[in-house]
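A.B. asks: Kindly generate the corresponding structure for this input.
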Amino acid sequence: MSFRRRHADAAFTVRMPLFPWMQYAGIAMLAAVLVTMGLDSHLDVSWLYGVPWVALISLIYFVRRGRPQTGKG
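C.D. replies: Below you'll find the model as predicted:
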């Protein structure tokens, strides 16, 4: 959501139709998928393993994001 705000002055070669409403629609659809996964008993494994996995890799990303990158090569 913040990418376009941070890069407002950049000239993008690809334009998103119905910006920013399509971003909100995409987030709403992802939320609907999560709700559907929670309501379907056959998709319990997605909540048990998938959601914690995404939370873990997101946490690792945010922790490592602030560190300077070391050049290899």
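
A.B. asks: Please work out the average pLDDT along the lengthiest helix in the chain.
C.D. replies: Under DSSP state H, the helix in the chain containing the largest number of residues is helix 21-39. The predicted model gives helix 21-39 an average pLDDT of 90.

A.B. asks: centre of the chain versus the helix or strand that comes right after that helix, how much separation?
C.D. replies: Beyond helix 21-39 on the C-terminal side, the first helix or strand identified by DSSP states H and E is helix 44-45. The chain centre lies 21 Å from the centre of helix 44-45; the measure is CA atoms, centre = their mean, to the nearest Å.

A.B. asks: List of residues touching the longest helix of the chain?
C.D. replies: Residues external to helix 21-39 that are found in contact with it (CB atoms under 8 Å, 6 or more residues apart in numbering): 1, 16, 43, 46-47, 51. In short, each C-beta sits where N, CA and C put it, glycine included.
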